[in-house]
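Trainee: my questions are about this predicted structure, shown below with the sequence.
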Amino acid sequence: MWSDHFKEPTNPYHYVLQCIGGKWKMTILHEIHTYGSIRFNQTLKALPISEKVFSQQLKELTDAGLIRRISYDTIPPKVEYVLTPSGEELIPALDALYIWSIRQMDEQGIPIDSDAFVVHNSSKYVEKLQDIMDANDFTPEQKRKGRTTDNRY
C-alpha cells in the first residue's frame, strides 16, 4: 500500500521523488495530459519502454493517486488511464521542469531529442522555447512515431 512507504515523517522532496521519480513517470503523465487518456498497448508502441517497466510505472502512478485506471466491461477488454485531479494539479510543475531542462541542456551543449519538441508543441512550450527550437531546426509539425499530438489514440 502506498501509505506504508510514509509511516515516518518524510522530507517533501523525497515524497515527490517517490511520486514522479523514475525514468518514465513524467513522460507517462505528459502523455495522459496531452491525449486525455492513454491505453496500455498503444502507448507501449509509442514509447521505447519495456512492458514490465511500463506496467510498474503505471501501478506506482496509480498508487500515488496521480492517475486512475478505468476498466470497461467490453469484449475485448478495454482499459484506459486518466489523470486524477492531483495529477492535473502537477502538470504546471512538470511543464516548468521541462522548460528548465531544455534550457539547461541547450546551455550545456547536451543534444536534445527531437521528440522533445514534437510532443511538447503547444503554445506554452513554443513561447518559452522558440529560440532553441529555431536553433535546432525543430518545428511543431514534425511527427513522432507515426502520430502527432493532434491525434488521440
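Mentor: Ah, there it is.

Trainee: model confidence for Arg144, exactly?
Mentor: pLDDT recorded at Arg144 is 49.

Trainee: cool, the one 4 residues further on as well?
Mentor: Thr148 is assigned 43 on the pLDDT scale.

Trainee: repeat for Lys45
Mentor: Taking Lys45 on its own, its pLDDT is 88.

Trainee: gap between it and Phe138?
Mentor: As for Lys45, its distance to Phe138 is 23 Å (criterion: Cβ to Cβ, to the nearest Å). Where C-beta positions appear, they are placed from N, C-alpha and C, glycine not excepted.

Trainee: the more surrounded of those two?
Mentor: The residue with more neighbours, out of Lys45 and Phe138, is Phe138; 19 against 11, by other Cβ atoms under 10 Å.

Trainee: find the nearest non-adjacent residue to that one, please.
Mentor: In space, and not counting its chain neighbours, Phe138 is closest to Phe117: 4.0 Å by Cβ to Cβ, 6 or more residues apart in numbering.

Trainee: repeat that for Ile49.
Mentor: Trp24 (5.6 Å).

Trainee: so what's the one you found up against?
Mentor: Leu47, Ile49, Val53, Phe54, Gln57 (Cβ atoms under 8 Å, 6 or more residues apart in numbering).

Trainee: the last one: how many residues sit nearby?
Mentor: Residues near Gln57, counting by other Cβ under 10 Å, number 20.

Trainee: go on, the first one?
Mentor: Using other Cβ under 10 Å, Leu47 has 16 other residues around it.

Trainee: likewise the second one?
Mentor: With neighbours defined by other Cβ under 10 Å, the count for Ile49 comes to 16.

Trainee: mind checking which helix or strand of this structure has the lowest mean pLDDT?
Mentor: helix 115-118 (a mean of 76; mean pLDDT, DSSP states H and E).

Trainee: tell me the first helix or strand C-terminal of it.
Mentor: helix 123-135 (DSSP states H and E).
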